[in-house]
Each structure stands twice: as structure tokens, then as C-alpha cells.
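Trainee: Here is my input, please return the structure:
(2 chains)
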Amino acid sequence: MSLALHLSADALADLRALDTPLQEQILDELEHLLSAPESIPASLPEWGIIHAFAREVGGELYLVAMTLHLGATGELLTVLGVRLLPA
Amino acid sequence: MHTLELLPNLPELTVEESQRWVSAALAEAHALRQHDGRLYPLNGDAKQMATANGLHAAWQRWADDAEDLLTRIGEHQAQRESHKELRLAIGYARCLNQLPAEEALRRHRSVNSGEAAAFSIQEARRELGLTPLG
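Mentor: From the prediction side, this is the model:
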């Protein structure tokens, strides 16, 4: 079964607020999730998922937390929000 | 980490003492992360939302205490690997604080109702003016 991914308009707005290298890192991570769905945290039906990862950009370490929702059939992953802070 | 209130009354911590406090803080963060799956209920159930809000609040209390601990330990010890792990966990907690459960539910409903557009990764790259892949 193939997995599709959508970013909500709110998640896209979250990305717009970030610098380009950070946007690239986050979209790359989403591509990774699509190619390796086993790395998506398990979720309960009708609950969101948190996927967090760290990236070093421009010599600074960042923690990225994405709020995701995996549809009931497991075929569509929706990005609800992206949050990022220097660690 | 309720015993953290002791720290201001103790003499400067040794490296070993600091390490034990950091380990204790990380253990609590790991315990909280067991419940990550209950941070964002998306069906509007009030009881589930109360559970989620309780978890969000617990993470913020933990992050406040962990930041106090890092301040107490001081920069001279803060480069250790476990301290980096603690800083990342604090970042995680603060990220949760920036996206409350009610906001995630609002966003989910907005997507499900079709009132807001959704974007593929390629469409998102175009919207952001990034170079398309492939």
C-alpha cells in the first residue's frame, strides 16, 4: 500500500515563517517518511502523532516537532503543524 | 523533579552529582514520552482533550524544571552529551507548547472539512519557492 502525504495550509504557513535551509530540511524529512513509512510513530485511531527530530543548520542545533495525522486507511499522512526551536 | 527545589540550597554540584540530576530529568522526560500518542486527540472528545491538556501542562512543568537545572549546572558542564539530550528534550517540550491540542484539532477539522487547501510536498516546494526535486 502506497502512502501519500499532504501538508495542511496551516502547516505550510508554519514553514513559510522559517528560513529556507530549515524549510528544505523539513521537506526532506517528510520525503524520508514517505519512503520509509515504518519510521512514522504508531498512533491510536483519531489521534495525532508527533514526529520529532534534530537538525544542525548553520552551526546551530534545532529541534523540529511535526504534528501529523495518519488517516484511518493508513494511506494518507497529513501534516497539521510544524514547530521548531533552537536547542 | 519536585526535589529540584533543593538545589539552590546545596553547594556547587560536582560533575558526578550534576550527571545524576540530568539522568533523573531525562528519565522523567522518557516517561512522559511514553504518552506521546495522547497529546493530540482529533475527534473532539472532551475527556481525551482533558488528558491531552494535562500532558501538555506536565511537559511545560518539566521543561521549566529542566531549564532551572541547566542554569544551576552552568555552562562549564553543559557540553556533555547527556546535557545536549536534555536541551533537545526541553526544545521538544517547548515545541509542544507552541501547538496546543485545541489548535491541532482546529487544523484537523479545517483539513477534513475541505475549507482549507492541502499541498503535496512538490506543491509545498513550489509555494515556498524552493527548487523542485527530481
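
Trainee: For the rest of this, base every contact and every neighbour count on C-alpha atoms.
Mentor: OK.

Trainee: where along the chain do the helices fall?
Mentor: All of this is about chain A. All helices of chain A, identified by DSSP state H, fall at A:9-16, A:20-35.

Trainee: Actually, chain B is the one I wanted.
Mentor: Using DSSP H, helices in chain B cover B:15-33, B:46-73, B:81-98, B:101-113, B:121-128.

Trainee: any low-confidence regions in chain B?
Mentor: B:1-4, B:75-79, B:133-134 (pLDDT under 70).

Trainee: ok, back up a step: between the helices of chain A, which gets nearest to B:Glu103?
Mentor: Proximity to B:Glu103 (CA to CA) singles out helix A:9-16 among the helices of chain A, at 10.2 Å.

Trainee: Tell me if I'm right that B:Val111 and A:Ser8 touch.
Mentor: Yes: in this structure, B:Val111 is within contact of A:Ser8 by CA atoms under 8 Å, at 6.4 Å.

Trainee: looking at the helices of chain A, which is buried most?
Mentor: Of all the helices of chain A, helix A:9-16 carries the top mean neighbour count, a mean of 20, counting by mean count of other CA atoms under 10 Å in any protein chain shown.

Trainee: more neighbours, B:Val111 and A:Ser8?
Mentor: Between B:Val111 and A:Ser8, counted using other CA atoms under 10 Å in any protein chain shown, the more crowded position is A:Ser8 (25 against 21).

Trainee: ok, now which ones touch the nearest residue to the more buried one once chain neighbours are set aside?
Mentor: Closest residue to A:Ser8 apart from its sequence neighbours, by CA to CA, 6 or more residues apart in numbering or on different chains: B:Ala118 at 4.6 Å. Taking CA atoms under 8 Å, 6 or more residues apart in numbering or on different chains, we find B:Ala118 in contact with A:6-9, B:111.

Trainee: And for B:Cys95, nearest residue in space, chain neighbours not counted?
Mentor: A:Arg83 (5.5 Å).

Trainee: who does that neighbour bridge with?
Mentor: A:Ala65 (DSSP bridges).

Trainee: A:Gln25 versus that one, what's the distance?
Mentor: 13 Å (CA to CA, to the nearest Å).

Trainee: again with A:Pro45
Mentor: Distance of A:Pro45 to A:Gln25, computed by CA to CA: 29 Å.

Trainee: near chain B, which residues of chain A show up?
Mentor: A:5-10, A:12, A:16, A:20, A:24, A:27, A:30-31, A:42-44, A:46-50, A:52, A:54, A:62-65, A:67, A:80-81, A:83-87 (CA under 8 Å from any CA of the partner chain).

Trainee: Narrow those to those that are buried.
Mentor: Burial by neighbour count, judged by 16 or more other CA atoms under 10 Å in any protein chain shown, picks out A:5-10, A:12, A:24, A:27, A:30, A:43, A:47-50, A:52, A:54, A:62-65, A:67, A:80-81, A:83-87 from those.

Trainee: which parts of chain B sit against chain A?
Mentor: B:36-43, B:84, B:87-88, B:90-92, B:94-96, B:98-99, B:104, B:107-108, B:111, B:116-121, B:124-125, B:128, B:130.

Trainee: at 6 Å instead, please
Mentor: B:37, B:40-43, B:87-88, B:91, B:95, B:117-120 (CA under 6 Å from any CA of the partner chain).

Trainee: If you rank those residues by neighbours, which is first?
Mentor: That'd be B:Tyr40 among the residues of chain B next to chain A, by other CA under 10 Å, with 30 neighbours.

Trainee: so that one sits right up against A:Ile50, yeah?
Mentor: No: taking contacts as CA atoms under 6 Å, B:Tyr40 lies outside contact range of A:Ile50: 8.5 Å.
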